[in-house]
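Asks: Mind looking at a prediction? Sequence and model below.
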Amino acid sequence: MAVRFATEEFVGVDGVREVEAREIVHMLADLPDLWDVNIAGWHMDSQTSRFAGEGFQEPFTGWVKGVTSKPVVGVGRFTSPDTMVGQIRRGVLDFIGAARPSIADPFLPRKIEEGRVEDIRECIGCNICVTGDMTSTPIRCTQNPTMGEEWRKDWHPERIAAGKSSKRVLVVGAGPAGLEAARALGQRGYEVHLAEASRELGGRVSLEARLPGLAQWARVRDWRVTQLQKMANVAIYRENDIGASDVLEFAAERVVLATGCHWRRDGYGRSHGAAIPGFDAGRVFTPDDLMRGRIPDGPVLLFDDDAFYIGSVMAEVLRAAGREVIYVTADDVVASWTTATQEFKQVQKRLRSLGIQIITGHNIRSLDSEGADLFCVYSDREQRVSCASVVAVTARLPNDKLETSLLALAPDWQAAGVEAVTPIGDCHAPGLIVHAVYAGHRYARELDEPAEGEVCFRRRASQPPMT
């Protein structure tokens, strides 16, 4: 018999306090065959790396092992073998539960057993996997693009078919899409050349990993760079901001563009189908500016028309720089889509703990030198807000300059030996990091393979009889 028991540092949905949990475990100590302990409430149990460190549940569940002689299993966003072994050796747990880390790398136990720790594709704790449950959509994983495609497309997490040609592939841009495309193409045996305009690889991953709470996201870059460095058939060119003529001169049969995207500065987005009056006056900043260290003067009006994590993280950046922040969103709540990643409550607590003024249900009508005119999305009643500058978290645009230039030179492709130019990731359709990684992997999987279409389902030829 196994007993799963949840503890919590405050009153949970069942009204059980931690002190009561301790008493119950003491009374039942050796009755079950195994104890499975965790923190009550899924949003507390499966916290993201932004709000909880690895092994974060130990302070709440670590006492159980000292109460019972029976085996104890626990969780806590474990990703590092050292942390897992450390808890077992210290007598905190007997077994490690690792659901999300096993989604990121289903072969985690085998790699530990074989001593291939550097090959473990560690979970970044973003909870994109959880969003599938919340939105009734197929499960996805930022680190593991094969997640959810094992049956539908026969994608194995570790194995991939060898390439069917000796084509050279030039990948322009070493962000999440470019890195994954280069890695998977290299695994297939293609000759790959990866060109990156900056010295640092990673693109948006490297920038976002420097933001408050998102350091673990750098694993998206680090794991792929580690794998690429093992491949003799992959060459990496840093600080190579190549243009269309350079691409043709390189004469690779296949060209993959992974040049990313950028945040719009004109206010266009979900709530505005056109530019917002006054946003062209030079006092409007974007997340790109803040991530590159360009902090506006305060007080700052942060207009979040994105509804996910980036707006609240930008607010933290501004507060860390000492700026007064007025957080405005047309939505009814701040960062509404973080409900899908189980971060909603933590985001609300964090913003309020930082003393950020929050105005929901309001849009921006116009901006001038003294401030912004807002209007209620339900009543149209206006409200004036004084601010020195605005941070616009609205829509994004693809960095498609290179693609446009190459298309203009399409008549010269054949002479240069170029068979196809394909944009992937954010420069094709701006999205989340998970989408960029998936796009890079998909391109690599499908090169020289029969086209399967956008939606491909495998079905059984016959269904077993119902019993």
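Replies: Perfect, thanks for sending it. Numbering: from 1, shown residues only.
Asks: Where does pLDDT dip in this protein?
Replies: Filtered on pLDDT under 70, the chain yields the residue ranges 1-19, 453-467.
Asks: Where do the domain boundaries of it fall?
Replies: Per automatic domain parsing, the structural domains of the chain span 2-97, 168-260+399-446, 264-395.
Asks: and the end-to-end length of the second one?
Replies: Think domain 168-260+399-446. 15 Å (Cα to Cα, to the nearest Å).
Asks: Which strand or helix spans Thr83?
Replies: Taking DSSP states H and E as the criterion, Thr83 maps to helix 81-89.
Asks: between the domains of the chain, which gets nearest to Ile112?
Replies: For Ile112, the closest of the domains of the chain is domain 2-97, at 4.9 Å, according to Cβ to Cβ. Yep, even glycine has a C-beta here, placed from its N, CA and C like the rest.
Asks: How far off centre is the closest one?
Replies: 27 Å (Cα atoms, centre = their mean, to the nearest Å).
Asks: Got phi/psi on Met44?
Replies: phi -90, psi -40 (degrees, to the nearest 10).
Asks: ok, back up a step: please identify the deepest-packed of the domains of the chain.
Replies: domain 168-260+399-446 (a mean of 20; mean count of other Cβ atoms under 10 Å).
Asks: In JSON lines, list the domains of the chain along with distance to Thr146.
Replies: Output for those, formatted as JSON lines (distance: least, Cβ to Cβ, whole Å):
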{"stretch": "domain 2-97", "distance to Thr146": "18"}
{"stretch": "domain 168-260+399-446", "distance to Thr146": "7"}
{"stretch": "domain 264-395", "distance to Thr146": "21"}
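Asks: Tell me which of the ones you listed approaches Pro145 most closely.
Replies: Using Cβ to Cβ, those put domain 168-260+399-446 closest to Pro145, at 3.8 Å.
Asks: returning to that earlier point: give me the contacts around the helix holding Thr83.
Replies: Here helix 81-89 makes contact (Cβ atoms under 8 Å, 6 or more residues apart in numbering) with 54-55, 58, 74, 78, 93-94, 96, 98, 112, 117, 120.
Asks: measure the closest residue to Val75 other than its chain neighbours to Asn38 for me?
Replies: Take Val75 and drop its neighbours on the chain: the residue closest to it by Cβ to Cβ, 6 or more residues apart in numbering is Gly97, 4.1 Å away. Distance, Gly97 to Asn38, by Cβ to Cβ, to the nearest Å: 8 Å.
Asks: Name the residues contacting each of those two.
Replies: Common neighbours of Gly97 and Asn38 (Cβ under 8 Å, 6+ apart) are 74-75.
Asks: now for the helix or strand where Gln383 lies, which elements pack on it?
Replies: Per DSSP H and E: Gln383 is located in strand 382-386. Applying 3 or more Cβ pairs under 8 Å, 6 or more residues apart in numbering; DSSP states H and E, one finds that strand 382-386 contacts strand 371-376.
Asks: Tell me the strands beside the strand it packs on, with direction?
Replies: strand 362-367 (antiparallel), strand 382-386 (antiparallel) (DSSP bridges).
Asks: Save those as CSV, and put in distance to Asp332 too.
Replies: Below are the strands paired with strand 371-376 laid out as CSV (distance: least, Cβ to Cβ, whole Å):
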stretch, distance to Asp332
strand 362-367, 11
strand 382-386, 16
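Asks: Indicate which one of those is closest to Ala315.
Replies: Of these, nearest to Ala315 by Cβ to Cβ is strand 382-386, at 15.1 Å.
Asks: Helices of the stretch 201-350 of the chain, start to end?
Replies: Applying DSSP state H, counting those that start in this stretch to the stretch 201-350 of the chain gives helices spanning 204-208, 219-228, 244-250, 287-291, 309-320, 344-353.
Asks: I'd like those helices laid out as CSV, including distance to Ser366.
Replies: Output for those, formatted as CSV (distance: least, Cβ to Cβ, whole Å):
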stretch, distance to Ser366
helix 204-208, 30
helix 219-228, 39
helix 244-250, 39
helix 287-291, 21
helix 309-320, 21
helix 344-353, 26
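Asks: closest to Lys401 out of these?
Replies: Of all the helices of the stretch 201-350 of the chain, helix 244-250 comes closest under Cβ to Cβ, at 9.1 Å.
Asks: correct me, but Ala177 touches Gly440?
Replies: Yes - Ala177 is within contact range of Gly440, at 4.0 Å (criterion: Cβ atoms under 8 Å).
Asks: Which neighbours do the two have in common?
Replies: Common neighbours of Ala177 and Gly440 (Cβ under 8 Å, 6+ apart) are 258, 424-425.
Asks: Out of these, the closest to Cys376 would be?
Replies: Gly425 (37.5 Å).
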